[in-house]
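Chemist: sequence isn't available, so here's the structure alone:
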């Protein structure tokens, strides 16, 4: 059973371009979470999704950022018109159900560098 | 708003020492607490998960305890090794399913 997969592992974009980060949850997991780790800071929650639904996006910036988890395919975190401050490691996690005592399993992360 | 604190931010110990990493949280209404390990430039490896109804969990040389009422957890590492050098993160799960992380403790074990 493969773990949580994220791609690309490293992404370089110039200011103003779009960044698309993909996350494939573990098999059987229908809940996906995105976290961001800025340099010298802890991981911060961004968004929680179930298939085709955004459950909680309270940690996601209101502009330029969007997330989806379609019925088929991976979850996508999309950052439009990237700025240097978006440079960070973006981690995806998945869990098996909505029951909160289930563990979240993390992917290896995507390291975004904005030039 | 939940806040998770890990102090100190960095720790250096000689090989073989037993050590304790501390974590505190402000809101005791948690569902579970997890300890993670993160190596430089890498992802997170889950070490131990303690449900809110549990007091401790053990895995090999690691033992984690949870005192929910006082908002504290400790990660005990026995007989530390250079390979234990990494950043250790503590995180709690609240009612909204989000993990709130501390900033981590960067551990260096000297040979």
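Modeler: Now that the structure is in, tell me what you want to look at. Please read all numbers here as calculations on a predicted model, not as lab measurements. Numbering: from 1, shown residues only, chains lettered A, B, ... in the order given.
Chemist: drop to CA atoms for contacts and neighbour counts, all remaining ones
Modeler: OK.
Chemist: OK, contacts around residue 86?
Modeler: Since you didn't name a chain, this refers to chain A. Contact partners of residue A:86, counting by CA atoms under 8 Å, 6 or more residues apart in numbering or on different chains, are A:112-114.
Chemist: let me rephrase: I mean chain B.
Modeler: Contact analysis of residue B:86 by CA under 8 Å, 6+ apart lists B:37-40, B:106-108.
Chemist: partner residues bridging it?
Modeler: Bridge pairing for residue B:86 (DSSP bridges) gives the partners residue B:107.
Chemist: cool, residue A:113 as well?
Modeler: Bridge pairing for residue A:113 - DSSP bridges - gives residue A:12.
Chemist: mark which of the contacts of residue B:86 are buried, thanks.
Modeler: Those of the contacts of residue B:86 that meet the buried threshold are B:37-38, B:106-108, by 16 or more other CA atoms under 10 Å in any protein chain shown.
Chemist: low-scoring stretches of chain A, by residue?
Modeler: Within chain A, the segments meeting pLDDT under 70 span A:1, A:98-102.
Chemist: near chain B, which residues of it are found?
Modeler: A:33, A:41-45, A:48, A:91, A:98, A:100-101, A:103, A:105-109 (CA under 8 Å from any CA of the partner chain).
Chemist: filter these down to the buried ones.
Modeler: By 16+ other CA under 10 Å, these give A:33, A:42-45, A:48, A:91, A:100-101, A:103, A:105-109 as buried.
Chemist: and the spatially most central residue of chain A, which of the three is it?
Modeler: Most central in chain A under CA atoms, centre = their mean is residue A:34, positioned 3.5 Å from the mean C-alpha point. Put simply, residue A:34 is strand when judged by DSSP: H, G, I helix; E, B strand; the rest coil.
Chemist: can you pull up the bridge partners for it?
Modeler: residue A:47, residue A:92.
Chemist: any idea how many residues pack against residue 50?
Modeler: In the absence of a named chain, this looks at chain A. 22 (other CA atoms under 10 Å in any protein chain shown).
Chemist: to clarify, I was referring to chain B.
Modeler: 22.
Chemist: buried residues in whatever helix or strand it lives in?
Modeler: Here residue B:50 sits within strand B:44-51, counting by DSSP states H and E. Neighbour-count burial for strand B:44-51 flags B:44-51 (criterion: 16+ other CA under 10 Å).
Chemist: cool, stretch B:76-85 as well?
Modeler: Quick answer for stretch B:76-85 (16+ other CA under 10 Å): B:76-77, B:80-81, B:84-85.
Chemist: want to throw the residues you listed into JSON lines with pLDDT and distance to residue A:29?
Modeler: Shown next, in JSON lines, are the buried residues of stretch B:76-85 (pLDDT from 0 to 100; distance: CA to CA, whole Å):
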{"residue": "B:76", "pLDDT": "97", "distance to residue A:29": "31"}
{"residue": "B:77", "pLDDT": "97", "distance to residue A:29": "31"}
{"residue": "B:80", "pLDDT": "96", "distance to residue A:29": "35"}
{"residue": "B:81", "pLDDT": "97", "distance to residue A:29": "35"}
{"residue": "B:84", "pLDDT": "97", "distance to residue A:29": "30"}
{"residue": "B:85", "pLDDT": "97", "distance to residue A:29": "31"}
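Chemist: what's the closest of those residues to chain A?
Modeler: residue B:85 (17.8 Å; CA to the nearest CA).
Chemist: what sits against the closest one?
Modeler: Applying CA under 8 Å, 6+ apart to residue B:85 gives the contacts B:39, B:106-109.
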